[in-house]
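[1] After the sequence you'll find the predicted model.
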Amino acid sequence: MTDTVNDTVKDTTDTAGKAVSEVTKSADDAVKSVASAAGTPSPGSTELPDDCVAATDDEGGVEKITALPDAPWHLQASSLLLKGADYQGVVKVRTANGTVKKVLKYVISNGTDIGDLHQLVDGQKGETYHVQAAKGSTSTIRDGKTVMYTESISGNLLGLIPVTFSPDSPPPLNIPIIYFTNVKVTQAGQFGGTLTVPGMHQYVTGG
């Protein structure tokens, strides 16, 4: 599977580069049109710790960061563009209840664009909390580096290749511009950046 993804990614680099350029231009236009939208932090997001980007390990090989939430949060989006991305490998993180788990670590330096953002967080009584952007909008993360601790990410890589990346099936390449369509992300935690959600709608289901 790794060899197949590797070969396919290399074969489609020119096409993907053109697609990413077009998407970036569209995203920039969308950002300008929603410049006055209110910023809202991501579920589980906090300010970027001083030692977060330079990965440091404690005795058990676990990253020295604030304990992450016990339960992950989820993102569903029509597109996800990570600019200035640096995949730093599979690392261990600790949650508030002491659980240690493996995640993919990404550091994003030049911003994130999210098409049709829909974030979901599971509550303790069977309810699900939703944060949803206006249909057809592009949400953005700006203002410095963002560090993502990702349990899984699936979708069409470069808009073309259906893949799922996880600690058991990590990315074969470190690509500085990562573009997915029809994406689903399970996020253990995220630090840094300012999230802006155009037409934000919050609601609860279940419970």
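    Perfect, I can see it now. Residues are numbered from 1 along each chain as shown.

[2] Name the helix or strand of this protein that has the lowest mean pLDDT.
    The helix or strand of the chain with the lowest confidence, counting by mean pLDDT, DSSP states H and E, is helix 13-33 at a mean of 38.

[3] Give the bridge partners for residue 190, please.
    Judged by DSSP bridges, the bridge partners of residue 190 are residue 45, residue 148.

[4] Also residue 112?
    In beta-bridge terms (that is, DSSP bridges), residue 112 pairs with residue 82, residue 141.

[5] give the contact list for it.
    For residue 112, the contact set (C-beta atoms under 8 Å, 6 or more residues apart in numbering) comprises 80, 81, 82, 83, 140, 141, 146, 193. C-beta here means a position set from N, CA and C on the backbone, and glycine is covered the same way.

[6] how close does it get to residue 138?
    10 Å (C-beta to C-beta, to the nearest Å).

[7] how about the helices in the protein?
    Applying DSSP state H to the chain gives helices spanning 2-11, 13-33.

[8] neighbours around residue 165, how many?
    Applying other C-beta atoms under 10 Å, we find 21 residues neighbouring residue 165.

[9] Low-confidence stretches in the protein?
    1-60 (pLDDT under 70).

[10] any idea where the strands of it begin and end?
    Per DSSP state E, the chain carries strands over the ranges 45-46, 73-83, 85-94, 100-108, 112-115, 118-122, 127-132, 138-142, 146-157, 161-165, 177-191, 194-196, 201-206.

[11] quick one: which of these is nearest residue 61?
    When those are compared by C-beta to C-beta, strand 85-94 sits nearest residue 61, at 5.5 Å.

[12] chain center to stretch 153-164: distance?
    Chain-centre distance of stretch 153-164: 14 Å, with C-alpha atoms, centre = their mean, to the nearest Å.

[13] Buried residues of that stretch, list them for me.
    Neighbour-count burial for stretch 153-164 flags 153, 154, 155, 157, 158, 159, 160, 161, 163 (criterion: 16 or more other C-beta atoms under 10 Å).
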